[in-house]
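*Asks:* everything below, folded, please.
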Amino acid sequence: MEAERLLSLSVAVAAERNLQGVLQTIVQGLASQPGVALARIWEHAPGDICDSCFLLDWCRDRTRCLHLVASAGTALHSPGEDWSRLNGRFRRLPLNSFIVGVVGATGKATLIQDVATQSLHLERPEWVHREGIRSIAALPLISRDEVLGVLATLTREPLDEQAFAWLGTFANQAAVAIANARAFEELDQLRKRLELDNAYLHEQVKERLAFGEIVGESPALQEVLQQIDMVAGTDAAVLITGESGTGKELAARAIHEQSPRRDRPLVTVNCASVPRELFESEFFGHVRGAFTGAVRDRMGRFQLADKGTIFLDEVGEIPLELQGKLLRVLQDQKVQRVGEDHVRQLDVRVIAATNHDLKGECESGRFRRDLYYRLSVFPVELPPLRDRPEDIGLLAAHFVDLVARRLNRPEVRLTDQALEQLTAYDWPGNIRELRNVIERAVILSLNGPLRIDRVLGTSGPVARKGPARPEADAAEANRVLSREELSRHERDNIIAALKRAGWRVSGMGGAAEILGVKPTTLTSRLKRFGIERPR
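*Replies:* Numbering: from 1, shown residues only. Purely as a prediction, here's the structure:
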């Protein structure tokens with residue numbers, strides 16, 4: 001086996017990028033060398049045919065074995081035998097079985113210079129004799145100290161030590177080519193997955209933006225919009241507060257879209273949905289092998305948001321013991337992946353949102369005071385929908401138009417009676433609840449007038465002011481409620497929703513959906529008010 005031929009073959013192998021192309025180039029190139037009868041490559045892979053493997057009794061570890069992935073050769077006395085097929089008798093070899101299995105397990109190359117003079121356990125000695133096999137060389141394919149598999153060549157001419165050394169050098173280069181081809185294929189798969197994810201995210205963005213315009217003309221909303229205009233052009237950290245459903249994510253998106261970072265990503269993290277054991281991995285990333293299940297490197301959300309904006313929704317849900325790690329990243333603008341020594345410098349703007357009273361959380365020791373001040377450089381408080389009643393009609397018309405077009409209900413219209421009912425309602429779930437109510441009403445309308453009463457009801461504690469009042473009742477309508485009255489009103493409203501839902505909290509038609517809040521939020525309020533289902 002000549003060094004020049006192997007060098008030329010190495011160049012051809014290195015030019016391949018497809019894994020199967022690399023494997024075929026290796027075995028076909030070796031099989032074309034003078035005196036070579038057969039060249040084969042086995043790769044380490046999980047055991048998959050243990051029940052039918054004829055070498056089952058040899059196998060000490062049935063979780064992994066050697067899989068035949070490439071084969072080429074020329075038969076002398078078996079013209080009908082296809083030596084390129086991969087599903088033959090030796091398609092699987094247990095580790096430590098035969099010459100190839102031992103090399104695959106130990107990573108040490110083996111050369112049998114003359115088969116006839118060696119005492120070998122051969123599965124098919126008659127085939128070896130018939131085909132004139134003289135030498136067997138089995139070499140480990142090692143890349144970055146990992147044995148990827150085994151390259152085996154069977155020759156009809158004896159291999160000397162020099163030729164074996166050249167073959168070992170070629171095997172090292174072949175292993176690098178195989179590892180690179182694997183990496184290229186994985187990158188290609190990730191690229192395709194990213195394209196699919198991007199397509200999905202674009203659809204999600206379209207859907208969000210369909211309900212995502214900031215609609216309204218009330219003084220309370222205009223004040224918020226002025227604050228967004230003032231802070232958008234800066235890199236100041238923004239803390240958006242407000243009740244659930246008031247549009248905190250829309251406000252964050254508006255800040256990002258009006259900022260110099262608009263061409264970079266806005267990465268959203270729902271802090272309440274991140275398990276505490278995966279917090280560092282989700283936020284900062286990890287490297288392969290950092291923990292059980294870390295099968296590949298992963299980029300964290302902060303690194304994804306580099307040069308852009310990260311939106312930490314429900315930031316008040318971050319466990320206290322993990323808040324210090326977040327604070328350190330916000331202060332230093334540096335992250336370190338789990339299992340990695342390298343520190344990465346970042347440039348990320350932070351927008352956070354919460355429906356909690358973080359000041360009160362700080363006082364009670366459930367939220368770090370230093371983290372609160374780091375997040376709330378510029379606080380923006382979103383008003384609840386009940387404080388901007390003049391926007392209800394505009395929002396309702398906006399949602400009716402969007403939902404009707406999406407559901408192909410062009411004849412749906414918002415009547416004056418429906419608008420009165422919407423305006424009379426208290427909207428504890430805010431804009432999210434309004435959107436859900438409109439969508440249900442459009443579905444129930446059957447292309448006729450919008451029947452809000454079929455969704456909200458026309459009386460009971462859910463109404464904010466009841467039916468439209470005459471001017472004589474204006475004083476009562478404008479009465480300011482005390483904290484106790486507001487609390488009692490909210491409790492009555494929750495009980496009314498539970499009764500309508502048959503005391504179901506979650507699911508379609510449940511009280512949480514009726515109120516436009518998350519089931520976890522409603523469960524928390526049930527505990528706070530001591531509300532229990534009657535027996």
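*Asks:* what helix or strand is S281 located in?
*Replies:* Assigned by DSSP states H and E, S281 belongs to helix 279-284.
*Asks:* now R130: closest residue in space that isn't a chain neighbour?
*Replies:* Spatial nearest neighbour of R130, chain neighbours left out: H77 (5.1 Å); criterion: CB to CB, 6 or more residues apart in numbering. For the C-beta atoms, the positions are set from N, CA and C on the backbone; glycine is no exception.
*Asks:* over to E185?
*Replies:* Closest residue in space to E185, ignoring its immediate chain neighbours: L19 at 5.3 Å, by CB to CB, 6+ apart.
*Asks:* secondary structure class for the residue nearest to R130?
*Replies:* Classification of H77 by DSSP: H, G, I helix; E, B strand; the rest coil places it in coil.
*Asks:* so it versus L190, what's the distance?
*Replies:* In this view, H77 and L190 are 48 Å apart by CB to CB, to the nearest Å.
*Asks:* equivalent analysis for Q323, please.
*Replies:* According to CB to CB, Q323 and L190 sit 32 Å apart.
*Asks:* settle it for me: which of H77 and L190 has more neighbours?
*Replies:* Using other CB atoms under 10 Å as the criterion, H77 and L190 rank with L190 on top: 12 against 9.
*Asks:* you'd agree that one is in a helix?
*Replies:* Yes: using three-state DSSP, the assignment for L190 is a helix.
*Asks:* confidence score at the residue sitting furthest away from the middle of the chain?
*Replies:* The outermost residue of the chain relative to its centre, with distances by CA atoms, centre = their mean, is T117 at 58.8 Å. Looking at T117, its pLDDT reads 80.
*Asks:* please apply the same query to A475.
*Replies:* 46.
*Asks:* ok, L304 next?
*Replies:* Listed pLDDT for L304 reads 86.
*Asks:* tell me who's in contact with it.
*Replies:* 265, 267 (CB atoms under 8 Å, 6 or more residues apart in numbering).
*Asks:* how about the helices in the stretch 101-250 of the chain?
*Replies:* Taking DSSP state H, counting those that start in this stretch to define them, one finds helices in the stretch 101-250 of the chain at 125-130, 161-210, 219-232, 248-257.
*Asks:* contact partners of the shortest one?
*Replies:* The set of residues external to helix 125-130 that reach it, using CB under 8 Å, 6+ apart, is 76-78, 115, 122.
*Asks:* the last one now?
*Replies:* Contacts of helix 248-257 with the rest of the structure, by CB under 8 Å, 6+ apart, involve 208, 212, 214, 224, 228, 231-232, 238, 240-242, 262, 266, 268, 308-309, 311, 313, 349, 351, 353, 355, 380, 382.
*Asks:* which element follows it toward the C-terminus?
*Replies:* Once helix 248-257 ends, the next helix or strand along the chain (criterion: DSSP H and E) is strand 266-270.
*Asks:* check which residues of that next one are buried.
*Replies:* Buried residues in strand 266-270, counted by 16 or more other CB atoms under 10 Å: 266-269.
*Asks:* just the mean pLDDT for the helix or strand harbouring V22, thanks.
*Replies:* For V22, the enclosing helix or strand under DSSP H and E is helix 19-31. For helix 19-31, the mean pLDDT works out to 92.
*Asks:* alpha carbons of that helix, as PDB, please.
*Replies:* The C-alpha trace of helix 19-31 is given here as PDB (Å, rounded to 0.1, in the frame of the first residue of the first chain):
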ATOM      1  CA  LEU A  19     -21.100  11.800   5.900                       C
ATOM      2  CA  GLN A  20     -22.100   9.000   3.600                       C
ATOM      3  CA  GLY A  21     -19.900  10.500   0.900                       C
ATOM      4  CA  VAL A  22     -16.900  10.500   3.200                       C
ATOM      5  CA  LEU A  23     -17.500   6.900   4.200                       C
ATOM      6  CA  GLN A  24     -17.900   5.700   0.700                       C
ATOM      7  CA  THR A  25     -14.900   7.600  -0.500                       C
ATOM      8  CA  ILE A  26     -12.800   5.900   2.200                       C
ATOM      9  CA  VAL A  27     -13.800   2.300   1.600                       C
ATOM     10  CA  GLN A  28     -13.900   2.600  -2.200                       C
ATOM     11  CA  GLY A  29     -10.600   4.300  -2.300                       C
ATOM     12  CA  LEU A  30      -9.000   1.700  -0.100                       C
ATOM     13  CA  ALA A  31     -10.600  -1.200  -2.000                       C
END
